[in-house]
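Colleague: curious how this folds, go ahead:
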Amino acid sequence: MLKSDLLLSSPQPAACCDPGMQLLLPSGQGDPVACCAPLSQGVLSAEQAEQVAPLLKALADPVRLRLMSLVASHPGGEACVCDLADAFDLSQPTISHHLKVLHESGLLDREKRGVWVYYRARAQPLASLGALIGYPAASSA
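Modeller: I've put the predicted structure just below:
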């Protein structure tokens, strides 16, 4: 089971929340908590912040951020480790370690095919993070 298999939902979602935009966060964190309102529309509880932080931490490394971009934008929506290693001046085991961190955080799915592992970006956690971080456009006053 992936760490992000816990779907967090609110018993009373905020009016601004799209019910389909619930945040997938690492499991094992206790009871589900509400976490769909953008940061600009509500204050995160300490528990919510603890649950969101691992996803943000996984993306906070420049190599992992580039790997997410490469996988998400790769033709067909998935990429093999063999397709990703050439984009970096790093060893294949180092690339695999970074991909493992992204997978364990719930941002990537992986599938082994023969000797190769293929990765696919998980759309829901990325969309949920985007909605969480989203900030309303500046209004012209």
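Colleague: all helices for the protein, in order.
Modeller: For the chain, the helices defined by DSSP state H cover 46-59, 62-73, 81-84, 92-105, 123-133.
Colleague: and the most centrally placed residue in the chain, what does it touch?
Modeller: Nearest to the geometric centre of the chain sits residue 107, at 3.7 Å (CA atoms, centre = their mean). Each residue near residue 107 by CB atoms under 8 Å, 6 or more residues apart in numbering is listed here: 4, 55, 58, 59, 68, 121, 122, 125, 126. From N, CA and C alone the C-beta is placed, and that goes for glycine too.
Colleague: go again using 7 Å as the cut-off
Modeller: Applying CB atoms under 7 Å, 6 or more residues apart in numbering to residue 107 gives the contacts 55, 58, 68, 121, 122, 125, 126.
Colleague: coming back round to it: can I get the helices of the chain in JSON lines with mean neighbour count?
Modeller: Formatted as JSON lines, the helices of the chain follow (neighbours: other CB atoms under 10 Å):
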{"stretch": "helix 46-59", "mean neighbour count": "17"}
{"stretch": "helix 62-73", "mean neighbour count": "16"}
{"stretch": "helix 81-84", "mean neighbour count": "17"}
{"stretch": "helix 92-105", "mean neighbour count": "17"}
{"stretch": "helix 123-133", "mean neighbour count": "17"}
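Colleague: low-confidence ranges in the protein?
Modeller: Scanning the chain for pLDDT under 70 picks out the ranges 1-36, 136-141.
Colleague: among the helices of the chain, which is nearest residue 40?
Modeller: helix 123-133 (9.2 Å; CB to CB).
Colleague: helices or strands up against the closest one?
Modeller: Helix 123-133 is packed against strand 24-25, helix 46-59, with contacts defined by 3 or more CB pairs under 7 Å, 6 or more residues apart in numbering; DSSP states H and E.
Colleague: minimum distance to residue 112: which of these has it?
Modeller: It is, among the helices and strands packed on helix 123-133 and with distance given as CB to CB, helix 46-59, at 20.9 Å.
Colleague: so this protein: which segments form each domain?
Modeller: 6-58+124-133, 61-122 (automatic domain parsing).
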